[in-house]
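Participant: Fold the following and give me the result.
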Amino acid sequence: MLSSCGSSKEVVYFQDLKPGESEITLPEVQTITVQPEDKISIIVNSRDPQLTNLFNLPYISKQLGNTSQISSSNNQGVSGYTVDAEGNIDFPVLGKVHVAGLKREEIAEHIKNELVTKNLVKDPVVTVEFMNLCVSVMGEVNNPGRFSIDRDQMTILDALSMAGDLTIYGNRQKVLVLRQENGQQRVYGVNLTSGEHVYTSPAYYLQQNDVVYVEPNNVRARQSTVNGNNVRSTSFWISLASLLTSVAILIFN
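Facilitator: Model prediction:
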């Protein structure tokens with residue numbers, strides 16, 4: 001009984017949602033913007049490959065990334081630009097380009113306009129991709145780790161799905177999202193058992209470097225003790241019952 005996994009109210013997601021009846025106004029979409037220390041790839045193409053090669057970094061043969069969770073297949077062999085502390089990158093021919101706070105398509109549009117305005121390329125096609133942007137998922141999930149951001153909007157549900165969902169011991173009523181904002185560490189709580197709470201949370205859309213932490217529930221807390229023998233553990237009560245039985249036998253005999 002002490003090891004039971006709890007009632008369905010502690011396990012089932014989105015308990016307040018009913019098919020065909022529930023409507024929730026989603027928060028404003030938060031598209032990921034580039035920040036200092038982010039790494040991005042920028043590729044310029046046109047009808048004149050020799051001309052556009054002047055604006056592309058050389059290809060490299062080594063694989064980017066060193067963890068199995070972070071996929072680099074989209075950027076394999078492509079050199080990238082690391083955004084400096086002032087939010088700039090050093091782009092070939094154009095020089096310093098400010099990209100911090102911009103979305104991918106905004107960066108592409110800005111560089112395209114610069115190339116056309118300065119009469120460097122007549123018909124450029126600029127592609128911008130994320131390279132080292134990721135989120136971390138920790139705690140009671142089946143596959144904790146760091147996961148790459150490969151889209152402009154990434155939700156907490158996306159991150160938990162990539163981590164293999166919560167284990168049966170995860171506290172679905174208290175999932176934490178740790179985020180650095182304006183030099184401060186902020187912590188958001190998300191209750192996965194309430195659809196309205198999930199979809200209206202300011203942490204529904206994740207940002208790069210967010211940490212998602214799933215707390216263990218009471219069952220896991222009872223199982224995980226310092227020495228396996230305190231008052232919250234099942235083994236403690238079994239040992240105590242055995243001791244009392246032995247004492248009783250000795251007394252009555």
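Participant: Show me where this structure dips below the pLDDT cut-off.
Facilitator: Within the chain, the segments meeting pLDDT under 70 span 1-8, 22, 60-78, 221-222, 224-237, 240, 247, 253.
Participant: In this protein, what residue spans correspond to strands?
Facilitator: With DSSP state E, the ranges of strands along the chain come out as 39-45, 81-82, 88-91, 95-98, 125-130, 134-139, 145-148, 154-155, 170-181, 184-190, 205-206, 211-216.
Participant: In TSV: those strands, plus mean neighbour count and distance to Lys112.
Facilitator: C-beta coordinates here come from the backbone N, C-alpha and C atoms, glycine included. Formatted as TSV, these follow (neighbours: other Cβ atoms under 10 Å; distance: least, Cβ to Cβ, whole Å):
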stretch	mean neighbour count	distance to Lys112
strand 39-45	19	8
strand 81-82	17	16
strand 88-91	17	12
strand 95-98	13	12
strand 125-130	18	5
strand 134-139	20	27
strand 145-148	20	25
strand 154-155	21	25
strand 170-181	18	31
strand 184-190	13	35
strand 205-206	22	27
strand 211-216	20	35
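Participant: so can I have CSV of those showing distance to Ser239?
Facilitator: Supplementary listing: those in CSV, determined by distance: least, Cβ to Cβ, whole Å:
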stretch, distance to Ser239
strand 39-45, 55
strand 81-82, 57
strand 88-91, 63
strand 95-98, 66
strand 125-130, 54
strand 134-139, 29
strand 145-148, 37
strand 154-155, 46
strand 170-181, 28
strand 184-190, 37
strand 205-206, 45
strand 211-216, 23
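Participant: Grab the nearest non-local neighbour of Thr127.
Facilitator: Nearest non-adjacent residue to Thr127, counting by Cβ to Cβ, 6 or more residues apart in numbering: Ile43, 4.7 Å away.
Participant: my guess is Leu54 contacts Val93, does it?
Facilitator: Yes. Between Leu54 and Val93 there is a contact under Cβ atoms under 8 Å: 6.2 Å.
Participant: Who is Val214 paired with across the strands?
Facilitator: Per DSSP bridges, the residues bridged to Val214 are Gly139, Val175.
Participant: From Glu28, how far out is it?
Facilitator: 26 Å (Cβ to Cβ, to the nearest Å).
Participant: mind giving me the domain split of this protein?
Facilitator: 8-29+133-216, 39-130, 226-252 (automatic domain parsing).
Participant: start to end distance for the second one?
Facilitator: Between the opening and closing residues of domain 39-130 lies a distance of 7 Å (Cα to Cα, to the nearest Å).
Participant: For Met131, give me the backbone phi and psi.
Facilitator: Backbone torsions of Met131, given as degrees, to the nearest 10, read phi -120, psi -50.
Participant: Quick check: it touching Ser41?
Facilitator: Yes. Met131 is within contact range of Ser41, at 5.6 Å (criterion: Cβ under 8 Å).
Participant: and of the strands of the chain, who's closest to Asn119?
Facilitator: Smallest distance to Asn119 across those (Cβ to Cβ): 14.6 Å, for strand 39-45.
Participant: Packing partners of that closest one?
Facilitator: If contacts are counted by 3 or more Cβ pairs under 8 Å, 6 or more residues apart in numbering; DSSP states H and E, strand 39-45 sits against strand 81-82, strand 88-91, helix 104-117, strand 125-130.
Participant: what residues does the third one touch?
Facilitator: What that stands for is helix 104-117. For helix 104-117, the external contacting residues (Cβ atoms under 8 Å, 6 or more residues apart in numbering) are 34, 40, 42, 44, 55, 91, 94, 97, 99, 102, 120-122, 124-130, 152.
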